[in-house]
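Q: how would this look folded up:
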Amino acid sequence: MVTKKKTKTAYFCSNCGAEHPRWQGQCRECLQWNTLIEEKIVTVARTDTLTTETQKILLPDIQFESTAGFQSGIEEFDRVLGGRLLPGAAILIGGEPGIGKSTLLLQVADAYSKQRLRVAYITGEESLTQIKKRAERLHVSGEQVTVINATMLEEICKIIEKDDFHTVIIDSIQTVTSSQFDSPPGTVAQVRETAHQLMRLARTKEFALFLVGHVTKDGMVAGPKLLEHMVDTVIYFEGDSTHLYRLLRATKNRFGSVAEIGLFEMRPEGLVEVSDPSSLFLSNRSTTPRTGSVVTAICEGRRPILVEIQALVTSTNYGNPQRVAGGIDNKRLALLLAILEKRCGYPLAVHDVFVSIAGGLKPSEPAIDLPVLIAIASSLLNKPVNPQTLVVGEVGLASEVRGVTMIEQRIKEAEKMGFATIVVPQANLTHHPQSTMDITGVTHLQEALDVLLE
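A: Numbering: from 1, shown residues only. Predicted coordinates:
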């Protein structure tokens, strides 16, 4: 069979990866402006027809070798992956610069090494000396970890094919380039082609592949969105430099739940697992009554976490009142303020409102509606909530308090942390375990305000 290589020019969107035959100001797929980048593509034209028979088989007749997969021994990391790391799986890890992606993966590589698994750590951003210095700081021995400094795709594939690794880590995919393209590293064509070749090799040799991805200013993995569709698992490493904790969250997982999170604490010696997150987020909380402070229970996956919601309401000194939210959506805050003003008659149109989730968590579940409203009302009326009381509930547009999921786990966590009273939706009173706490059910927002702000 004779093949001929042809080179053509196309324009790729740096935001979504869509291909365009010619340059234009706006991407027709994601509607973003000025995101098209010119790249050269090498295509192979076949001069004859290759006929192959497509393999087809009935689903019950498919035979496979069951495997238990790999466990690192880092419970927070294994939980996010779905319990175990399967051979041939491709995992994409994204996060902001300096968040700790390389630190996490170096510790994970050492953990797999201690399980007698051979690991290849391929870096294109750091020298071998820099990796060694970080390993000494993290007390990483890495007896089964092979460190490789390479950026050419063909060289990396040749090294991997010669040896039998159980796990391969690429840090990062934006630094790997293929000789088939003239475009610089990190462009859409380079990221897509290098990821595809590495994933194909991972499935052929049955090793687990970790790809580190840079993120854009919007917090998404840089490069084509297609990269997230190609891999089996997408994990984001969240947090910021002002807080000690780091959150590992899966947004896609073909082998497990996407609701699980892993929590770590950043220390000088590296990332340390947090087995009791409620104690961490409530460690700096004052036990004396304070206005605008309410404790609630959120659920990340199957794990309940107690967090403190703080609100500050002051008179507006300018024409338009400010609405500042930290940890919750601004539109959600505006909706809750409208409910509080319309249904309960609080004059919030002439007040600035500031709401924050202590510790920097960003919960998205509706169970924080009621505690947020109680914290705002507490600050406005200058009436504190009992610090030994926990509040949970979703609030509808008619100010009704709706039931929440996993109420049993929330109550058990509150009881373990020593809370005396918990206010829950009335609908959840029929499904709660026996508890020594005083459990109060409410049906409307005003009823909850009367109970908590007497």
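
Q: Would you mind pulling up the elements that the host helix or strand of Leu209 packs against?
A: Take DSSP states H and E as the rule and Leu209 turns out to sit in strand 208-213. Other helices and strands packing on strand 208-213, by 3 or more Cβ pairs under 8 Å, 6 or more residues apart in numbering; DSSP states H and E, are strand 90-95, helix 101-114, strand 167-171, helix 188-205. Using the backbone N, CA and C atoms, a C-beta is placed for each residue, glycine as well.

Q: And the average pLDDT for the following helix or strand past that strand is what?
A: On the C-terminal side of strand 208-213, the nearest following helix or strand under DSSP H and E is helix 226-230. pLDDT averaged over helix 226-230 equals 81, rounded to a whole number.

Q: on that earlier part again, ok and the strand holding Leu209 relative to helix 101-114, angle-wise?
A: Comparing the axes of strand 208-213 and helix 101-114 via axes from the mean of the first three to the mean of the last three Cα atoms, to 10 degrees yields an angle of 170 degrees.

Q: about what we covered before: minimum distance to Leu340: which of the helices and strands packed on strand 208-213 has it?
A: strand 90-95 (36.0 Å; Cβ to Cβ).

Q: How far away from the center of its chain is that closest one?
A: The chain centroid and the centroid of strand 90-95 are separated by 10 Å under Cα atoms, centre = their mean, to the nearest Å.

Q: try stretch 84-92
A: Centroid displacement of stretch 84-92 relative to its chain, using Cα atoms, centre = their mean, is 17 Å.

Q: One more: stretch 340-359?
A: Shown here is stretch 340-359, whose average C-alpha point lies 29 Å from the average C-alpha point of the whole chain (Cα atoms, centre = their mean).

Q: Give me the mean pLDDT for it.
A: The model assigns stretch 340-359 a mean pLDDT of 92.

Q: buried sites along that stretch?
A: By neighbour count with 16 or more other Cβ atoms under 10 Å, stretch 340-359 contains the buried residues 340, 343, 346, 348, 351-359.

Q: what about that stretch, start to end distance?
A: Distance between the boundary residues of stretch 340-359 (Cα to Cα, to the nearest Å) amounts to 25 Å.

Q: So which residues make contact with it?
A: Around stretch 340-359, the neighbours that count as contacts under Cβ atoms under 8 Å, 6 or more residues apart in numbering are 243, 245, 280-281, 284-285, 307-317, 321-328, 333, 337, 363, 368, 372-373, 375-377, 380, 398-399, 445-446, 449.

Q: just for this protein, where's the confidence low?
A: 1-7, 40-54, 64-68, 216-226, 240-243, 432-433 (pLDDT under 70).

Q: hang on, isn't Ser399 packed against Leu445?
A: Yes. Here Ser399 reaches Leu445: they are 4.1 Å apart, a contact under Cβ atoms under 8 Å.

Q: So between the two, which is more surrounded?
A: The neighbour count for Ser399 versus Leu445, taken as other Cβ atoms under 10 Å, is higher for Leu445 (25 against 19).

Q: Tell me how far the more buried one lies from Leu370.
A: As judged by Cβ to Cβ, to the nearest Å, Leu445 and Leu370 stand 7 Å apart.

Q: Need the overlap of contacts for those two.
A: Shared contacts of Leu445 and Leu370 (Cβ under 8 Å, 6+ apart): 395, 401.

Q: Could you tell me which residues touch both of Ser399 and Leu445?
A: With Cβ under 8 Å, 6+ apart, Ser399 and Leu445 have common neighbours 339, 343-344.

Q: what comes up buried for stretch 278-286?
A: By neighbour count on 16+ other Cβ under 10 Å, the buried set for stretch 278-286 is 278, 280-282, 285.

Q: Which one of those is nearest to Ile131?
A: Out of these, the one with the shortest distance to Ile131 is Leu280. That distance is 29.8 Å, counting by Cβ to Cβ.

Q: if I look at the closest residue to the closest one other than its chain neighbours, how far off is Gly69?
A: The shortest distance from Leu280 to any residue that is not its chain neighbour, by Cβ to Cβ, 6 or more residues apart in numbering, is 5.4 Å, and that residue is Val274. Between Val274 and Gly69 the computed distance is 24 Å (Cβ to Cβ).

Q: now swap in Thr151 and tell me
A: Counting by Cβ to Cβ, the separation of Thr151 from Gly69 is 30 Å.
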